[in-house]
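Undergrad: Quick check, what structure comes out for this input:
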Amino acid sequence: MSFPVESEPPLAPAPAPLAIAPAKPVLRTPPSARGLLLALAALLLALQGARGLWDPDEGRYSAVAWNMIASGDWFTPHLSPEVPHFTKPPLTYWALATSMKLLGRKETALRLPGALAAILTVLLVYGLGKRLVPRDPLLAATVQATALLPFVGAHLVTTDPLLALFETLAVFGFVVAWWDEPPSRWALPVMWLGFGLAFLTKGPPGLLPLLPIVVFAAWTRGARGLLRLLSPAGIALFAVTAFFWYGLQIRFRPDLLGYLLGFEVGGRLVGAQARNPGWHGLLIAIVPVVIGGLLPWSAAAVFRRRDERDASPGDRLATRFLWLWSLLPLLVFCVVQSRQPLYLLPLAVPGSLLVARRLVPAWSWSRRQRTWLAVWAAVLLAIAALGAFWPEKRDGRRFTAAVLRLAPQPPTALIFVDRHARYSATMYCRCEVESVELLEDLVERAGPAYRPLTETLAEELADRERGHLWLIRPLSHAAWLQAMAQAGWRVRRLGTVEDYPVYAAEPPPVTPAPLGDAS
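TA: A predicted model of the protein is given here:
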């Protein structure tokens, strides 16, 4: 006897675990590469002349460049007509002077080389992105152009935008030589040329990306990898570009080599030129830039979950190289005792590529994302515009205008007593700017006079030049008045700018020689 068996409905298939669910593909509608890159270039060029020059760095670079034009000597940089200035190699000064020759003596001309360098760096990041962020190289270029540190760096008169350009050019040559199949014959010469230009921009720091390149090549392919970096033509290009100017200068000034190696290089390593040294300096100059330099993109990347699909051998190699490029130079900056926030500007490039690799799975160039990008671009422009109105004490344009308002006639020179000069005034008063010492030596005099040394007051008074304006350090005020009275100079106080008492001074009348004096 059989009993009817009630048939059960078929079981529904169990849902697949979330961990192995296929990722939903991101539908991309990328913008035109040419259109977006032009928009990024316009953003970096905007408002370059809105802000005055800030002392000390922008004033110093602009003064050296202007002295090249005024003197016609483009071979030896001079901070003032009397003193050569070898703190930095000449390439940045040449770029600034050329821009002023073409566009005139104004802030826009001085900031144009840095802006153009930033734009070319963005284009190189786009080229690097094609190899290291192939799913969306435009995103890498956009991060580089609109992150906080690269944008601010593009609006400053300094060596760092040009340094970032040439270091990126060098790494671009390496990446093309390593990733492209077959490798291009020009790639390694471009790498070494980039390093030569970087060295001529800032000296040994320009070679920092060579450290991660060497480590990566050895790590990936051992001795064969290191041999792949050798290029006779490239090394010859590097040697000529990096050392030809130095060689000629040292030939004429044999003691210059000791100064460069001992003070400019060794001093920055061990602290003789300490700026932001120790742990305190690390927290002031390095840590904030590491945290905030790539905002807002880095914040989005931190909260982005890792995409497990990026696990091919090529992806792992790209990630390894970018981390080496970011971390090894950063470690060097943590060890040396002379640190400035802009020193990290070249490291924004590997940072932008890493951030783009992290964000690319979720970035689709949607309308919402484009709107967010446009809003952020407006914020960046507002930051640039704010610099023109913010009451910044370092603003040389405001400072010089206040001094000139006190002058009865255009001065022939501004003389700073016991203070480092505000060299930005060179651009605005169209006169010489000098420092003289009375009570203290502002710069250590050991070694050759290749730093911006000050004259003594007695040396300056011996020239008996008229039409100078004197800006006195308050602590030296009484001693300066006494010294001028003893020398027979008549002084007249014109007013005060910031804490500088401002004076005009007239030399004593020349005593006629006695009759019959053969001299």
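
Undergrad: Output stretch 428-443 in PDB, but only the C-alpha positions, please.
TA: Once side chains and other backbone atoms are set aside, the C-alpha atoms of stretch 428-443 remain, and they are given as PDB (Å, rounded to 0.1, in the frame of the first residue of the first chain):
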ATOM      1  CA  TYR A 428      58.800  97.700  -6.700                       C
ATOM      2  CA  CYS A 429      61.100 100.600  -6.000                       C
ATOM      3  CA  ARG A 430      63.200  99.900  -9.100                       C
ATOM      4  CA  CYS A 431      66.400 100.600  -7.100                       C
ATOM      5  CA  GLU A 432      69.100  98.700  -5.300                       C
ATOM      6  CA  VAL A 433      68.400  96.900  -2.000                       C
ATOM      7  CA  GLU A 434      71.200  96.300   0.400                       C
ATOM      8  CA  SER A 435      71.900  95.300   4.000                       C
ATOM      9  CA  VAL A 436      74.600  96.900   6.200                       C
ATOM     10  CA  GLU A 437      75.700  95.800   9.600                       C
ATOM     11  CA  LEU A 438      76.300  98.100  12.600                       C
ATOM     12  CA  LEU A 439      75.900  96.100  15.900                       C
ATOM     13  CA  GLU A 440      75.900  92.500  14.700                       C
ATOM     14  CA  ASP A 441      77.000  90.400  11.800                       C
ATOM     15  CA  LEU A 442      73.800  89.000  10.300                       C
ATOM     16  CA  VAL A 443      75.600  86.200   8.400                       C
END
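
Undergrad: Would you mark the buried spots in it?
TA: By neighbour count with 16 or more other CB atoms under 10 Å, stretch 428-443 contains the buried residues Tyr428, Cys429, Cys431, Glu432, Val433, Glu434, Ser435, Val436, Glu437, Leu438, Leu442. (Each C-beta comes from the backbone N, C-alpha and C, glycine too.)

Undergrad: Look up how far Ile415 lies from the second one.
TA: By that I understand Cys429. In this structure, Cys429 and Ile415 are 12 Å apart, going by CB to CB, to the nearest Å.

Undergrad: Can you tell me which of the buried residues of stretch 428-443 end up in strands?
TA: Residues of the buried residues of stretch 428-443 located in strands (DSSP state E): Glu432, Val433, Glu434, Ser435, Val436, Glu437.

Undergrad: what pLDDT does Val265 get?
TA: At Val265, the predicted lDDT confidence score is 75.

Undergrad: For it, which non-adjacent residue is closest in space?
TA: Nearest in space to Val265, with sequence neighbours left out and distances taken as CB to CB, 6 or more residues apart in numbering, is Pro204 at 6.0 Å.

Undergrad: which residues touch Leu138?
TA: If you count contacts by CB atoms under 8 Å, 6 or more residues apart in numbering, Leu138 has them with Pro30, Pro31, Ala33, Leu36, Leu37, Tyr126, Gly129.

Undergrad: ok, 7 Å please
TA: Taking CB atoms under 7 Å, 6 or more residues apart in numbering as the contact definition, Leu138 lies against Pro30, Ala33, Leu36, Tyr126.

Undergrad: Point me to the helix or strand that includes it.
TA: Remark: Leu138 resides in helix 137-146, with elements defined by DSSP states H and E.

Undergrad: Also Pro501?
TA: Taking DSSP H and E as the criterion, the element that holds Pro501 is strand 500-506.

Undergrad: Figure out how far that strand is from the centre of its chain.
TA: Average the C-alpha atoms of strand 500-506, do the same for its chain, and the two points are 36 Å apart (CA atoms, centre = their mean, to the nearest Å).

Undergrad: tell me the mean pLDDT over it?
TA: Along strand 500-506, the predicted local confidence has a mean pLDDT of 94.
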